[in-house]
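Student: sequence-free structure coming up:
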């Protein structure tokens, strides 16, 4: 086996005038038409929603999706397709004075018979007042706005702006899309990448659904000048895996905690561990995870396994004592326990039903027989009269009514036939039967 250094051509370039550096591969491969765009077939396919829009006047749009999936490219191609002048700005670098100039130029352009497609990258970074500033220019046709955001527009954009634009979701590129992109890059480069099958797949995985990141990686690999096929391990040594997209205060934060919660609820410990790991790798605060994991025990396991809550609290305390990374294993243990525990939301559903009815019944007082009577006046008014002390009953159960007088007895709690709640169900059935026998239901 030859050493790694022998696989790569390290010969110095010949002396002489330096050739002009070619444009980056991502720029050279920028699609010239909408048909050239890889991915987003739900928008750009024959029946795609964006294709249908092109049959009429192009409305203002919001592109919502992760980085490197074609938001800027598609906006530019839409301008070409509709004959609009393309203007691109970024909310990060554009202030109020810059926006005024953009709108004024667009107004002059419109007076000369040409419209403007204004592409605003990172539009969610504009504040409310700045977002409101687009509205009159959208309404009078001065601009057709195409905004791009990686954050959920429902939370980050004004309702007024959202009502004047259609939101289109762009998806991260699939492995099939990434392979097509690599093939297109190889054609542009005029050579195949020196990667075996597993390494080629690993290269695509490193890009994490980001086409621009993939082309940057392809460019690096092509520059090695390898003379023999590179395997997966060697590729991993030469390249760093791209950090997964994760914003602890953004949309991906809520998506991943939702995935963790639903994996636990669905009794899948492997999936639950995966999403836990994704969040920890992304830098999530383990204390936030400890709190949410404990919430899962209360909401989704509850009385089917009362021990689950104790397991979560102990894991939380272990993390506080040990810190990272050792304490994170305690959280992983709790996640596995919850995923495999019997599930029940019966108590949660009962609590919500009781809260609803408590709001509907207003200020109905308790029945007088269960009220304390510390004064003679209260005794004279019947407080406490007829109360049956349950411990004095032979079976420890009086069967008295504890709801407001005149209120039809509701049923909130319906235990599931799983775990410890199966035993609670048997107890409840006995109480219901005894209450009916004694005619006090």
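Tutor: Cool, the structure landed. Quantities reported herein were computed from a predicted structural model and do not represent experimental measurements. Numbering: from 1, shown residues only.
Student: from here on, contacts and neighbour counts on C-alpha atoms
Tutor: OK.
Student: Now do the strands in the stretch 101-250 of the chain.
Tutor: With DSSP state E, counting those that start in this stretch as the criterion, the stretch 101-250 of the chain has strands at 116-121, 144-149, 166-169.
Student: if I look at residue 111, how far off is residue 60?
Tutor: Taking C-alpha to C-alpha, to the nearest Å as the criterion, residue 111 is separated from residue 60 by 20 Å.
Student: Ok, residue 172 next?
Tutor: Using C-alpha to C-alpha, one gets 22 Å for the distance from residue 172 to residue 60.
Student: rewinding a little: neighbour count for residue 111 and residue 60, which is higher?
Tutor: Here residue 111 and residue 60 are compared on neighbour count by other C-alpha atoms under 10 Å; more neighbours surround residue 60, at 22 against 11.
Student: Now do the same contact list for the more buried one.
Tutor: The neighbours of residue 60, taking C-alpha atoms under 8 Å, 6 or more residues apart in numbering as the test, are 138, 144, 145, 146, 164, 165, 166.
Student: count of neighbours near the last one?
Tutor: Residue neighbour count, defined by other C-alpha under 10 Å, stands at 14 for residue 166.
Student: How about the first one?
Tutor: Using other C-alpha under 10 Å, residue 138 is surrounded by 17 other residues.
Student: Wait, it touches residue 131, no?
Tutor: No: with contact taken as C-alpha atoms under 8 Å, residue 138 and residue 131 are classed as non-touching, separated by 11.2 Å.
Student: okay, residue 220: pLDDT?
Tutor: If you check residue 220, the pLDDT there is 90.
Student: what's the answer for residue 159, then?
Tutor: The per-residue confidence score, pLDDT, reads 92 for residue 159.
Student: what about the helices in the stretch 151-300 of the chain?
Tutor: 153-156, 159-163, 175-189, 197-206, 211-224, 232-238, 251-265, 269-281, 286-296 (DSSP state H, counting those that start in this stretch).
Student: In JSON lines: the ones you listed, plus mean neighbour count and distance to residue 348.
Tutor: Formatted as JSON lines, the entries for the helices of the stretch 151-300 of the chain read as follows, by neighbours: other C-alpha atoms under 10 Å; distance: least, C-alpha to C-alpha, whole Å:
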{"stretch": "helix 153-156", "mean neighbour count": "15", "distance to residue 348": "28"}
{"stretch": "helix 159-163", "mean neighbour count": "14", "distance to residue 348": "33"}
{"stretch": "helix 175-189", "mean neighbour count": "17", "distance to residue 348": "41"}
{"stretch": "helix 197-206", "mean neighbour count": "18", "distance to residue 348": "41"}
{"stretch": "helix 211-224", "mean neighbour count": "19", "distance to residue 348": "44"}
{"stretch": "helix 232-238", "mean neighbour count": "13", "distance to residue 348": "47"}
{"stretch": "helix 251-265", "mean neighbour count": "19", "distance to residue 348": "14"}
{"stretch": "helix 269-281", "mean neighbour count": "18", "distance to residue 348": "22"}
{"stretch": "helix 286-296", "mean neighbour count": "19", "distance to residue 348": "11"}
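Student: Now tabulate those in TSV and tack on distance to residue 371.
Tutor: Putting those into TSV (distance: least, C-alpha to C-alpha, whole Å) gives the following:
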stretch	distance to residue 371
helix 153-156	48
helix 159-163	51
helix 175-189	68
helix 197-206	67
helix 211-224	70
helix 232-238	73
helix 251-265	41
helix 269-281	48
helix 286-296	35
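Student: Select, out of the ones you listed, the one closest to residue 125.
Tutor: Ranking those by their distance to residue 125 (criterion: C-alpha to C-alpha) puts helix 153-156 first, at 8.2 Å.
Student: How far off centre is the closest one?
Tutor: Between the centre of helix 153-156 and the centre of its chain there are 13 Å (C-alpha atoms, centre = their mean, to the nearest Å).
Student: could you point out where the protein is predicted with low confidence?
Tutor: Within the chain, the ranges that satisfy pLDDT under 70 run 1-21, 240-251, 440-441.
Student: Which segments of it make up each domain?
Tutor: Split into domains by automatic domain parsing, the chain comes to 40-169, 251-340, 360-437.
Student: which of those sits most buried?
Tutor: With neighbours defined as mean count of other C-alpha atoms under 10 Å, these peak in mean count at domain 251-340, which reaches a mean of 19.
Student: how far out from the middle of the chain is that one?
Tutor: Relative to the mean C-alpha coordinate of its chain, domain 251-340 is positioned 17 Å out (C-alpha atoms, centre = their mean).
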